[in-house]
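>>> this is a predicted model, with the sequence first.
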Amino acid sequence: MPLADVAPGAFPTIERGHKYEDFSVGQRFDHHWGRTLDRSDSTTFCAATCTWNPLYLNREYAVAHGHPDTPIHPALVLSVVVGLSVEDLSETAGPFLGMRDCVFHHGVYPGDTLSAHSVVLECRTSASRPGAGIITWHTEGHNQHGEKVVDLVRSNLVAMRAGVTS
């Protein structure tokens, strides 16, 4: 069948993610299987973001400055940890509203596997967006040894179920 003859409405819609009502203060989410980062991940990230700091690109330089290897760029670590949480927290959410209190605790190096979990800190209805609420989570990322590498607080606007108003 030619692509022009395919009706988009013929495909079933699969509802994914969580709505505002699915969250409660104190609820914990252990995010899926994790992600192992390697040198090529870091090099590609540095090239894409024009980060030419030799600490992230030159092993000898990093070792001379007290690291066991070239560290993975912290912004990539943050991106991976937040990315691990998306399926559970914000896949169907609306806009990302911000992040605060982001702290990097332990270096991440090629071969480290990151995992993450989040706890709901606050749920409130939006004063300016009827039919939506604001959820705030505390997210922690750990390496394969259980060492905390990063933690942060972030918020998203999250849709309520159809027919629910604030």
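Alright, I've got the coordinates.
>>> what's the single longest helix in this structure?
helix 74-89 (DSSP state H).
>>> if you count neighbours, what's buried in the following helix or strand past that helix?
Remark: after helix 74-89, the chain's next helix or strand is strand 96-104, criterion DSSP states H and E. Neighbour-count burial for strand 96-104 flags Phe104 (criterion: 16 or more other CB atoms under 10 Å). Glycine gets a C-beta too; all of them are placed from N, C-alpha and C.
>>> tell me which other helices or strands whatever helix or strand comes next after strand 96-104 touches.
Moving toward the C-terminus from strand 96-104, the next helix or strand (DSSP H and E) is strand 113-125. On a contact count with 3 or more CB pairs under 8 Å, 6 or more residues apart in numbering; DSSP states H and E, strand 113-125 meets strand 28-30, strand 35-36, helix 74-89, strand 132-142, strand 148-159.
>>> picking that back up, let's test this: mean pLDDT of the longest helix of the chain, rounded?
Mean per-residue pLDDT for helix 74-89: 95.
>>> closest to Met99 out of the helices and strands packed on strand 113-125?
With distances scored as CB to CB, the stretch of these nearest to Met99 is strand 148-159 (4.4 Å).
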